[in-house]
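Undergrad: fold the following.
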Amino acid sequence: MDLSTTIAGIKFPSCFMNASGALCVTREELVALGRSQAGAIVTKSMTVETRQGNPAPRYYGFPGGSINSMGLPNLGYLAYAELIPELKKFGKPVIASVAGLCEDDFPAIARTIDDAGPDLIEVNLSCPNIPGKPQIGYDAEASERLMKRLRKLITVPMGVKLPPYFDPAHHKLMGDVIGRCGVDYLNLINSVGNGLVVDSRTETVVIKPKGGFGGLGGTIIKPVALANVRAFWKHFDGRIPIIGTGGVMNGVDAFEHVLCGASAVQIGTVLVEEGLGVFNRLEVELAACLDKKGYKSVADCRGRLKEL
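TA: Residues are numbered from 1 along each chain as shown. Predicted coordinates for the structure are as follows:
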């Protein structure tokens, strides 16, 4: 069974990879991803300065999903620029996730990271967990301005990670914007914010930052993720590759993302909860699902979702 995939001309040995933020902050975590069965190494979204992130507890798993308000803990972009050549030695694509606390942070990071030689650069337009900072991805004008600035600086394939959109008008608006900016692939979606999980036993919220508000992940957000993957797949008639992110807990979940149009999938909640061995389980489950349905590869069923 062929579970490999190609995104923007880059070959991935497996369609499964970590989502930025899941076990990918430190050198040790990134090296462990390199040694795992993950089809790529995705860095934590990096900012200009080193960040400790929000106060703990900032992640909480519950039946059906998770909530987090991490606050972009990361080593700072200079540290990741030094690490990228080492990570490339594992022989799988390295995706550098670039973020910023404001628009003007992005260009310096992008220029330096591009020089470090990752296989792809992913511009995170959907950082929902910085107190007082809105998501750039919900501002079409700011998103277009930023993507056009970065496209001039980035020489490797450039993708964008987007927040969830909930209205077809927003899918079209952002699709039109993306189509004008030379984007090579999309990552859909980041966590669904802002949720609130309550512990009725203690009568408290379950995470400390932002009064308990945070981004939702896991099974609970899969329908939203699938809707965004499908909407953008149809908007671009399958011309722009999509990484599906959100609610992938087993092989069937991954299959559903591919049916909707995804070329690959990223995992967050299940990776944090289960550890690096989850990549092997997901590959076995997806291969069994494809075999049962008579497909020989991921590419065979991409975008083939039927409508009633």
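
Undergrad: tell me the mean pLDDT over the longest helix seen in the chain?
TA: For the chain, the helix reaching the highest residue count under DSSP state H is reported as helix 278-293. On average, the pLDDT along helix 278-293 is 98.

Undergrad: ok, stretch 63-72 next?
TA: pLDDT averaged over stretch 63-72 gives 95.

Undergrad: excluding its backbone neighbours, what's nearest residue 212?
TA: residue 205 (2.6 Å; CB to CB, 6 or more residues apart in numbering). Every residue, glycine included, has its C-beta placed from N, CA and C.

Undergrad: doesn't residue 214 make contact with the one you found?
TA: No - counting by CB atoms under 8 Å, residue 205 stays clear of residue 214, with 9.1 Å between them.

Undergrad: near the residue nearest to residue 212, how many other residues are there?
TA: Residue 205 has 19 neighbouring residues, counting by other CB atoms under 10 Å.

Undergrad: could you measure from it over to residue 67?
TA: Going from residue 205 to residue 67 by CB to CB, to the nearest Å gives 9 Å.

Undergrad: joint contacts of the two?
TA: 196, 197 (CB atoms under 8 Å, 6 or more residues apart in numbering).

Undergrad: so which bits of stretch 196-211 are buried?
TA: By 16 or more other CB atoms under 10 Å, the buried positions in stretch 196-211 come out as 197, 205, 206, 207, 209, 210.

Undergrad: turn those residues into CSV, including distance to residue 81.
TA: As requested, these are exported to CSV (distance: CB to CB, whole Å):
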residue, distance to residue 81
197, 36
205, 37
206, 35
207, 31
209, 28
210, 30
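
Undergrad: helices and strands of this protein: which one bottoms out on pLDDT?
TA: The helix or strand of the chain with the poorest confidence is strand 192-196; it has a mean of 93 (mean pLDDT, DSSP states H and E).

Undergrad: can you list the strands that the following helix or strand past that one pairs with?
TA: Scanning forward in sequence from strand 192-196 by DSSP states H and E, the next helix or strand is strand 198-199. Strand 198-199 pairs in its sheet with strand 204-205 (antiparallel), by DSSP bridges.

Undergrad: what does the partner strand contact?
TA: By CB under 8 Å, 6+ apart, strand 204-205 touches 196, 197, 198, 199, 211, 212.

Undergrad: show me the contacts for the third one.
TA: This points to residue 198. By CB under 8 Å, 6+ apart, the neighbours of residue 198 are 204, 205, 206, 212.

Undergrad: among those residues, which one sits closest to residue 29?
TA: Ranked by distance to residue 29 (CB to CB), the contacts of residue 198 are led by residue 206 at 23.8 Å.

Undergrad: picking that back up, which one of the contacts of strand 204-205 is nearest residue 219?
TA: residue 197 (13.9 Å).

Undergrad: tell me which stretches of the protein form helices.
TA: According to DSSP H, the helices that the chain contains are 27-35, 77-88, 105-116, 140-151, 168-179, 222-235, 251-260, 269-274, 278-293, 298-301.

Undergrad: I'd say residue 285 and residue 250 touch.
TA: Yes - if you go by CB under 8 Å, residue 285 and residue 250 touch, sitting 5.5 Å apart.

Undergrad: quick one: mean pLDDT over stretch 225-239.
TA: 98.

Undergrad: count of residues packed around the residue lying closest to residue 90 once chain neighbours are set aside?
TA: Nearest non-adjacent residue to residue 90, counting by CB to CB, 6+ apart: residue 34, 3.4 Å away. For residue 34, the neighbour count with other CB under 10 Å is 18.

Undergrad: quick one: residue 34 from residue 83, how far?
TA: 10 Å.

Undergrad: residue 61 now?
TA: 28 Å.

Undergrad: more crowded one of those two?
TA: residue 83 (20 against 17).

Undergrad: contact partners for the closest residue in space to the more buried one that isn't next to it in sequence?
TA: Spatially, and ignoring its direct neighbours in sequence, residue 83 is nearest to residue 27 (5.8 Å; CB to CB, 6+ apart). Neighbouring residues of residue 27 by CB under 8 Å, 6+ apart: 75, 83, 86.
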